[in-house]
Every structure is written in structure tokens, then in C-alpha cells.
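Trainee: what would the 3D arrangement of this be:
(chains A, B, C and D)
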There are 2 protein chains.
Amino acid sequence: MVKRVRGSRTGRPIMVLLDLLGRRWVLRIVWELREEPRRFRELQDAIGASPTIVNSRLAELRDARLVELDADSGYRLTVLGKELLRLFLPLHVWSEKWVKAI
Amino acid sequence: MVKRVRGSRTGRPIMVLLDLLGRRWVLRIVWELREEPRRFRELQDAIGASPTIVNSRLAELRDARLVELDADSGYRLTVLGKELLRLFLPLHVWSEKWVKAI
DNA sequence: TCCATTACTACATTTTCTGTAGCGTCGGTC
DNA sequence: GACCGACGCTACAGAAAATGTAGTAATGGA
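Mentor: Reported below is the predicted structural model:
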């Protein structure tokens, strides 16, 4: 299920993960889903990317079991996706400090 | 100093940060520098990217004050870079769990 | 002077992303 | 049962980014 992709030639979990998260829009999509589910177009408008790439990133995130589509509410984080997001939340605070330093 | 780039149209710190980290090879480079400094070519070989892109990503990371070049030892994380890395370390453990789930 | 090491650049080719238009399905409403 | 809007998603040409390979320029030691 884990695809042989891009930078992750070793197959080590951390590399596969960094490879996935390092793709354009992936972090941003996870971030946009942090509070509530979003519809495809809503998500697309929020991040400002083309539908083509939004769709392919969503497909990758669904493959990775981080995002799922609920027919009633839209795209949302899975349990795994929420765990990952929790690891990322400290970035929010840290980014404020970082911006002041640069 | 913060460039107007790609997805970060708002200029909100978290968006600027997610935009930077979401570029190909950036997370990987930070990860490769987690333990000790690395020479340009060493880094390039480790991640398997072209020198062109390694160089431009390093330039971005240096602009962002996350990485610096020490003539004696090579590229290394700055204090800010180490702080950021610390936020990322939990990913390592989590990625093992994640891979088992997919 | 020669050679190795270093960071880095040039550039043609390949891959990826964008922007825009539109498709197909489904659930109403008249 | 024909129309409409919302929905997820696809097609495709043009633009942008990354690759792969070769090479430049600076530095330091023999």
C-alpha cells in the first residue's frame, strides 16, 4: 500500500512520511482540515491550488489513511490524521516566534 | 526577509512556515542535519537530489535562519533550526506506528 | 605547479503544477 | 420527466520546477 515514491528509496517509515508531507500542498491540506470537514471545492478555494493537484494530493492522503471522504460532511482527518495533526500543532505557536526572528 | 512565495498569500506565519516546509526536499534536508553538520555533496548524496535543487533549498533554509554554513564543518542547523527539529522528532516514533496501520 | 576538496552554476530534458473548461451523478423542484 | 444546482472529479495546453550531467571558481596543501 505504501507506494515507492520520490525521495523514499529506503522505505524507512520516517522517510516515507517526510516524502509524503514534503509534497506541495500536503501540509496545507492537513492544516485546513484541522477543525472541520471541508468540501472539495471549499478546500480548493481555501488553499488556492488547481483541482488537479488537490485531487491527487487528496488521493495520496487517502491512501495514507490520513484523510477520508464522508459523503455527508466532506473531506476530514481520520484518527491517524488527527494524531499527526496533534504533532503539528506546536508549529503554530513556534511559527510566530520564528517570524519575529527573521 | 520573508519572501512572498507560493501558497503563502496571507503572510500568516504558520502559512509561510507550511509553505517552506512543504517544498520538495526541505523536510528531508532538515532531517539529515539532525545529528551533525554535513558537507554540500554529502548532503546531496544522502538525499539523492540534484545539486541545483539542494542549493536552492539550502538558500531558502538559510534565508529562514534554520540552517547555516560553517566553513569548517559544513551545513548545520541553527538554534532556530534545532528548535524546529525538536518539534519534528515525535514524527519518527509516530511514523513507525503509522506504517503498520497502512 | 599541480592536485584534491569545496561550494556552487549552466542548461537541455523531463516531470510536475496551473488555469480553465467541462463531465457525470445525484437529489431536489416545478 | 425536464431542469437545476451542488458535488467530486477529469482533460489538456501552457508554464514552472526538478533532474542529470557537466563544468566553474576558490582554497589549501605537496
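
Trainee: hang on, A:His92 packs against B:Val16?
Mentor: No. Counting by Cβ atoms under 8 Å, A:His92 sits too far from B:Val16 to count as a contact (12.0 Å). Yep, even glycine has a C-beta here, placed from its N, CA and C like the rest.

Trainee: OK, contacts around the residue of chain A found nearest DNA strand D?
Mentor: Among the residues of chain A, A:Phe40 lies closest to DNA strand D, at 3.1 Å counting by Cβ to the nearest atom of the strand. When contacts are counted by Cβ atoms under 8 Å, 6 or more residues apart in numbering or on different chains, A:Phe40 touches A:51, A:54-55, A:58, A:74-75.

Trainee: tell me the one of those residues nearest B:Trp98?
Mentor: Nearest to B:Trp98 out of those is A:Leu58 (Cβ to Cβ; 17.7 Å).

Trainee: contacts only, for the closest one.
Mentor: For A:Leu58, the contact set (Cβ under 8 Å, 6+ apart) comprises A:29, A:40, A:43, A:67, A:69, A:75.

Trainee: what about the fourth one, how many residues nearby?
Mentor: The tally of other residues near A:Val67 (other Cβ atoms under 10 Å in any protein chain shown) stands at 23.

Trainee: how close does it get to A:Met15?
Mentor: 21 Å (Cβ to Cβ, to the nearest Å).

Trainee: what about A:Leu17, how many residues nearby?
Mentor: For A:Leu17, the neighbour count with other Cβ under 10 Å is 23.

Trainee: alpha carbons of the one helix or strand it maps to, as PDB, please.
Mentor: Secondary-structure assignment from DSSP states H and E places A:Leu17 in helix A:13-21. Included here for helix A:13-21 are C-alpha records, laid out as PDB according to Å, rounded to 0.1, in the frame of the first residue of the first chain:
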ATOM      1  CA  PRO A  13       8.800   4.900   7.700                       C
ATOM      2  CA  ILE A  14      10.200   8.300   8.600                       C
ATOM      3  CA  MET A  15      11.400   8.700   5.000                       C
ATOM      4  CA  VAL A  16       8.100   7.700   3.500                       C
ATOM      5  CA  LEU A  17       6.400  10.100   5.800                       C
ATOM      6  CA  LEU A  18       8.700  13.000   5.100                       C
ATOM      7  CA  ASP A  19       8.400  12.300   1.500                       C
ATOM      8  CA  LEU A  20       4.600  12.500   1.700                       C
ATOM      9  CA  LEU A  21       4.500  15.600   3.900                       C
END
